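Asks: starting from these lines, generate the structure:
(one chain, ligands or ions: 1)
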Amino acid sequence: MCGIIGIVGAKPVQDRLIDSLKRLEYRGYDSAGVAGVVDGHVERRRAKGKIRALEDVLAAEPLPASVGIGHTRWATHGAPSQINAHPQRAGRVTLVHNGIIENYAELREALKEKGRTFESETDTEVIAQLLDYELQTRPPIEALKATLDQLTGAYAIAVLIDGEDELIMGARRGSPLVVGYGDGEMFLGSDALAVGPFTNQIAYLDEGDYVAIDRKAAHVFDEAGRAVQRPVRTVAAAAALVEKGNYRHFMEKEIHDQPDACQHTLSAYINPTTGHVHAPGGVDLARFDRVQIVACGTASYAGQIGRYLFEKLAGLPCDVEVASEFRYRQPAVTPATLAIAVSQSGETADTLAALRWCKAQGLTTAAVVNVHESTMAREADVLFPTHAGPEIGVASTKAFTSQVAALTALALAAAAARGRLKPGEEAHDTRLLLEAPRLIAEAIQLEDQIRTLAPELAKARDVLYLGRGPMYPLALEGALKLKEISYIHAEGYAAGELKHGPIALIDETTPVIVIAPSDPLFDKTISNMSEVAARGGRVILITDEEGARNAPAGARVIVGPTCDPMLAPMVYAPPIQLLAYYVAVQKGADVDQPRNLAKSVTVE
Ligand code: M6R
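Replies: Below is the predicted model of the structure:
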């Protein structure tokens, strides 16, 4: 997980950049770098490996600057190396970047045709080249806007320009960026923690914002180029790691963290340059003839989505079971089974016991875990990490989408290892998968629409959630989210099961939430919705544009992004999370700490 710091300072910045980068080490990284304005031009220092390697470089060749940027890089495009480390440079532009530029290959080709040459394998250098190109004809802030308009993907950036000695520009889409207000100094950071040593006055940029800071002020613009103000708030520096930002609750923040969380998770599995997807830890997925997933609660629903993917993409039989049942029923397992425990905390007692049981049977064990120092992470043969960052809200959100991202990547890796992909398909599918962070960010934009549904839903006594295929576990997850934070009774059903019992519950007081982006099963789901409508049920359909065109009369329709079915469980998770969130807020419930629940259930 990359980290960013930028300082327009009144005094030397080298040590302060390093100090800030050290605070960002918790995010994980494989190279680091800084750049600063020295005698009217920008110089940079970079090193592969830990920050102490960068400190060695700086000891040999100091950076006597009072304006500078710094970065810790978690490799995505291009191996960890000094040449791929940030800051990346092109002409007058020196910049650092978090995120993934999806259309970097097209942009790179177009820039090469204009005679531009590239020195690194990174997508970041494409932004630098593009911005340098735009600078030929416009002032910096306009050139930045023209550059951003050409980028597809998720990013946070900080930029220095040769000849602009007291300026740092920044922008965010999908990845967070904050502005720090100091005393005669200004800062940019990838989170509050980055600027924590220097100021506790922070403004969080909104999605699509871009900014220019000098020593005295920040000039912020929204996506449309309008000058805007973002509120400045006081944060407790010590608490910055678990800071809520502008959000009212951690859950809301964590829903918004999802593009970043997914992108960081996918980076651990996919090399975007080669299009290769792999299982971490050198596991050969071709040697297994079965996968057994064990998990609890939300993690078990992520596991159920994983089952659809392992079987569909890789033709690999997969069972999923809640760990509390699995651990006590003496399941019949075969030796070539890969046992995967899925857990945010890595400490859930039942999941840990199931994992240990599998290990005792001699199975290869893996842990899809978010807390990498946890017991499961340590005890499993291999760690398949998620990189959601700390999840504070008891209701799991970004950990869930990160688990689904990891399992999707693993299913693809299994498909490749088992020879199930035609030439070119692996690269094609990983490219699709890397679109997930952007599409998740688009789905989060439905927030205002979803909020309007809350007052009515908050009055319901029962709510049903329906889905088919991988949308069925998402329906289960939607129902769990609503139950746990709003205390409204909710159930998830496979849409085709409705007529085998639950349809008896339907009347005009029971909202039915159908999660159905258009796919080959969509017509069947339409029939199920008509069955509900015919009995006076109120249907809320969460779908895409094509689905909306075919929605049954009377249904309230929320139109989400159009995406490949492989991505739909991740992309359609935020709307159901937001729905539960706003219903709970409407009811005045304690969103982050619902009654009777603990974040990590370490007892039976
Ligand atoms: O830490 P884990 O992922 O193992 O936790 C499993 C469940 O306790 C957890 O997902 C729980 O269901 C959440 N409260 C759901 O939001």
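
Asks: quick one: distance of stretch 452-461 to the chain centre.
Replies: 28 Å (C-alpha atoms, centre = their mean, to the nearest Å).

Asks: so what would you say the end-to-end distance of it is?
Replies: Counting by C-alpha to C-alpha, to the nearest Å, you get 18 Å between the two ends of stretch 452-461.

Asks: quick one: average pLDDT of that stretch?
Replies: Mean pLDDT, stretch 452-461: 95.

Asks: ditto for stretch 86-94
Replies: Mean predicted lDDT for stretch 86-94 stands at 97.

Asks: quick one: end-to-end distance for that stretch.
Replies: 9 Å.

Asks: how about that stretch: buried residues?
Replies: Residues 86, 87, 88, 89, 90, 92, 93, 94 are the ones in stretch 86-94 that count as buried (16 or more other C-beta atoms under 10 Å). Quick note: C-beta positions are derived from backbone N, CA and C, even for glycine.

Asks: inside strands: which ones of the residues you listed?
Replies: 88, 89, 90, 93, 94 (DSSP state E).

Asks: quick one: the strands in the stretch 351-500 of the chain?
Replies: 364-369, 382-385, 462-467, 489-494 (DSSP state E, counting those that start in this stretch).

Asks: partners of the shortest one in the sheet?
Replies: Strand 382-385 pairs in its sheet with strand 364-369 (parallel), by DSSP bridges.

Asks: who in this structure is up against the ligand?
Replies: 296-299, 343-345, 348, 351, 394-396, 484, 597, 600-601 (C-beta under 6 Å from any ligand atom).

Asks: ok, 8 Å please
Replies: Within the chain, the positions near the ligand by C-beta under 8 Å from any ligand atom are 295-300, 342-348, 351, 370, 394-397, 399-400, 403, 480-481, 484, 597-601.

Asks: show me which of these are buried.
Replies: Among these, the ones that count as buried by 16+ other C-beta under 10 Å are 295-300, 342-348, 351, 370, 394-397, 399-400, 403, 480-481, 484, 599, 601.

Asks: quick one: residue 212 and residue 376, what's the gap?
Replies: 46 Å (C-beta to C-beta, to the nearest Å).

Asks: tell me the contacts of the closest residue to residue 382 other than its chain neighbours?
Replies: The shortest distance from residue 382 to any non-neighbouring residue, by C-beta to C-beta, 6 or more residues apart in numbering, is to residue 281 (3.6 Å). Residues in contact with residue 281 (C-beta atoms under 8 Å, 6 or more residues apart in numbering) are 366, 381, 382, 383, 384.

Asks: rebuild those as TSV, extending it with neighbour count, pLDDT and distance to residue 24.
Replies: Converted to TSV, the contacts of residue 281 look like this (neighbours: other C-beta atoms under 10 Å; pLDDT from 0 to 100; distance: C-beta to C-beta, whole Å):
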residue	neighbour count	pLDDT	distance to residue 24
366	26	98	28
381	16	97	30
382	16	97	26
383	19	97	21
384	26	98	24
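
Asks: ok, which pair from those is furthest apart?
Replies: With C-beta to C-beta as the measure, no two of the contacts of residue 281 lie farther apart than 381 and 384, at 10.6 Å.

Asks: for the two, list the residues in contact with both.
Replies: 281, 366.

Asks: residue 212 and residue 376: which is more packed in?
Replies: Shown here are residue 212 and residue 376; by other C-beta atoms under 10 Å, residue 376 has more neighbours (25 against 20).

Asks: skipping adjacent residues, who's closest to the residue in the chain positioned nearest to the ligand in space?
Replies: Relative to the ligand, the nearest point of the chain is residue 297 (2.0 Å; C-beta to the nearest ligand atom). Distances taken as C-beta to C-beta, 6+ apart place residue 480 nearest to residue 297, at 6.8 Å, with adjacent residues excluded.

Asks: who touches that neighbour in this structure?
Replies: 297, 298, 301, 490, 492.

Asks: quick one, what contacts the third one?
Replies: With contacts defined as C-beta under 8 Å, 6+ apart, the neighbours of residue 301 are 400, 473, 474, 476, 477, 480.

Asks: can you give me the pLDDT of the fifth one?
Replies: Spelled out, it's residue 477. 98.

Asks: could you find the closest non-adjacent residue to it?
Replies: residue 301 (4.3 Å).

Asks: Three-state assignment for the one you found, please.
Replies: helix (DSSP: H, G, I helix; E, B strand; the rest coil).

Asks: how far away is it from residue 497?
Replies: 16 Å.

Asks: can you tell me which helix in this structure is longest?
Replies: Of all the segments assigned as helix in the chain under DSSP state H, the longest by residue count is helix 398-417.

Asks: what angle sits between it and strand 364-369?
Replies: 140 degrees (axes from the mean of the first three to the mean of the last three C-alpha atoms, to 10 degrees).

Asks: how far does helix 398-417 sit from its chain's centre?
Replies: 13 Å.

Asks: go on, stretch 39-59?
Replies: Worked out by C-alpha atoms, centre = their mean, stretch 39-59 lies 29 Å from the chain centre.

Asks: okay, buried residues for that stretch please.
Replies: Buried-residue list, stretch 39-59, by 16+ other C-beta under 10 Å: 42-48, 50-51, 54-55, 57-58.

Asks: quick one: residue 105 is in a strand?
Replies: No. Secondary structure of residue 105 (three-state DSSP): helix, not part of a strand.

Asks: give me the pLDDT for it.
Replies: On the pLDDT scale, residue 105 gets 90.

Asks: same question, residue 238
Replies: 44.

Asks: over to residue 27?
Replies: Here the pLDDT value assigned to residue 27 is 62.

Asks: residue 140 too?
Replies: Value listed for residue 140 in the pLDDT field: 97.

Asks: who's in contact with it?
Replies: By C-beta under 8 Å, 6+ apart, the contact list for residue 140 reads 161, 164, 167, 169, 212.

Asks: sorry, back to before: redo the strands of the stretch 351-500 of the chain as a markdown table? Include distance to residue 593.
Replies: As requested, those are exported to a markdown table (distance: least, C-beta to C-beta, whole Å):
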| stretch | distance to residue 593 |
| --- | --- |
| strand 364-369 | 23 |
| strand 382-385 | 27 |
| strand 462-467 | 22 |
| strand 489-494 | 20 |
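
Asks: look at residue 227 and say how many residues are nearby.
Replies: Other residues close to residue 227 by other C-beta under 10 Å number 8.

Asks: who touches the residue lying closest to it once chain neighbours are set aside in this structure?
Replies: Using C-beta to C-beta, 6+ apart and skipping residues adjacent in sequence, the residue nearest residue 227 is residue 221, 5.8 Å away. Contacts for residue 221 (C-beta under 8 Å, 6+ apart) come out as 141, 145, 209, 210, 211, 227, 228.

Asks: so which of those residues belong to strands?
Replies: Per DSSP E, the contacts of residue 221 map to strands at 210, 211, 227, 228.
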